[in-house]
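Chemist: give me coordinates for this.
(chains A and B)
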Number of protein chains: 2
Amino acid sequence: MQDKNRTTQRGPAGEAGTRGGVAISETEDLIASDKVEGTPVYNRTGEHLGSIYNVMLDKRAGKVRYAVMSFGGFLGIGERYHPLPWDALTYEPGQGGYVVDVTREQLEGAPTYARGETPWSDPLYGQSVYGYYGLPFPRM
Amino acid sequence: MQDKNRTTQRGPAGEAGTRGGVAISETEDLIASDKVEGTPVYNRTGEHLGSIYNVMLDKRAGKVRYAVMSFGGFLGIGERYHPLPWDALTYEPGQGGYVVDVTREQLEGAPTYARGETPWSDPLYGQSVYGYYGLPFPRM
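Modeler: Reported below is the predicted structural model:
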């Protein structure tokens, strides 16, 4: 992510209220997209899995569909992108990050893509993501 | 936005398919949050109004509520943030940006906030935004 200067960004709980002089935008109900991006992701045992790279939005329905987690290294093939159903993420203030109920082993078998790959053009890709995590694919 | 190296980012139509080596994620239905951010915004007469700073997401409902447009200069008081109802934005491929049906004069009277201000903590703020643009406030 050398094109995004987000390495110093911390999760919502770690913020003092501003970042780079701009108010951090979060309330009980709302969160800013650029605040989600860069937030770390852990599994239930507290293991760090990666961090949110971006969020996939359904333009027409106005819905948040996926949080794409970036993960570099442990597979030995550079950064990979793991789309996670938005509903699979739970923000844990104590950890300052999102927690997903998935093990590293599950993650290794999960749908991912590499830089330069465009899996979203396959209309069935999203269904495979939801299916892998055992969640119903949202129709709208 | 000195903490965001997005000055070279272009709108969806201007992309060749990658940015910084990472696949641009957009399909007919989906768009990536970091692709929306930085996209220019125009009014109906083609006048450049600003660019998308971030997107406000409803965490619980999983809905996209607002696109926050940043605008610096013409009011003479530095960068301002204009929340726009997500449904008020229409992407125009020919212009490579979003078009909103609002004049500069309307924009000057619209709800805005400055750096360091946190208007979202007021539960009525979102209603005032939708009200100003003549759109019904989404309950869920």
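Chemist: tell me which stretches of chain A form strands.
Modeler: Counting by DSSP state E, residue ranges of the strands within chain A are A:18-19, A:22-23, A:30-32, A:40-43, A:48-58, A:63-72, A:79-85, A:90-92, A:97-100, A:113-114.
Chemist: tell me where the model's unsure across chain A.
Modeler: For chain A, the stretches flagged by pLDDT under 70 are A:1-25, A:73-77, A:140.
Chemist: would you reformat the strands of chain A as a markdown table and include distance to residue B:97?
Modeler: C-beta coordinates here come from the backbone N, C-alpha and C atoms, glycine included. Formatted as a markdown table, the entries for the strands of chain A read as follows, by distance: least, Cβ to Cβ, whole Å:
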| stretch | distance to residue B:97 |
| --- | --- |
| strand A:18-19 | 26 |
| strand A:22-23 | 22 |
| strand A:30-32 | 20 |
| strand A:40-43 | 32 |
| strand A:48-58 | 17 |
| strand A:63-72 | 22 |
| strand A:79-85 | 26 |
| strand A:90-92 | 32 |
| strand A:97-100 | 31 |
| strand A:113-114 | 27 |
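Chemist: could I get those strands as JSON lines with distance to residue B:35 and mean neighbour count?
Modeler: Shown next, in JSON lines, are the strands of chain A (distance: least, Cβ to Cβ, whole Å; neighbours: other Cβ atoms under 10 Å in any protein chain shown):
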{"stretch": "strand A:18-19", "distance to residue B:35": "21", "mean neighbour count": "15"}
{"stretch": "strand A:22-23", "distance to residue B:35": "20", "mean neighbour count": "20"}
{"stretch": "strand A:30-32", "distance to residue B:35": "15", "mean neighbour count": "22"}
{"stretch": "strand A:40-43", "distance to residue B:35": "21", "mean neighbour count": "19"}
{"stretch": "strand A:48-58", "distance to residue B:35": "8", "mean neighbour count": "23"}
{"stretch": "strand A:63-72", "distance to residue B:35": "12", "mean neighbour count": "22"}
{"stretch": "strand A:79-85", "distance to residue B:35": "14", "mean neighbour count": "23"}
{"stretch": "strand A:90-92", "distance to residue B:35": "23", "mean neighbour count": "14"}
{"stretch": "strand A:97-100", "distance to residue B:35": "21", "mean neighbour count": "23"}
{"stretch": "strand A:113-114", "distance to residue B:35": "16", "mean neighbour count": "15"}
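Chemist: send me the longest helix along chain A as CSV with only the CA atoms.
Modeler: Secondary structure of chain A per DSSP state H: the longest helix is helix A:125-132. This file holds the C-alpha atoms of helix A:125-132, laid out as CSV (Å, rounded to 0.1, in the frame of the first residue of the first chain):
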residue,chain,number,x,y,z
TYR,A,125,-17.8,-14.0,-6.9
GLY,A,126,-19.8,-12.2,-4.2
GLN,A,127,-21.9,-15.2,-3.6
SER,A,128,-18.8,-17.4,-3.1
VAL,A,129,-17.5,-15.0,-0.5
TYR,A,130,-20.8,-15.0,1.5
GLY,A,131,-21.0,-18.8,1.1
TYR,A,132,-17.5,-19.4,2.3
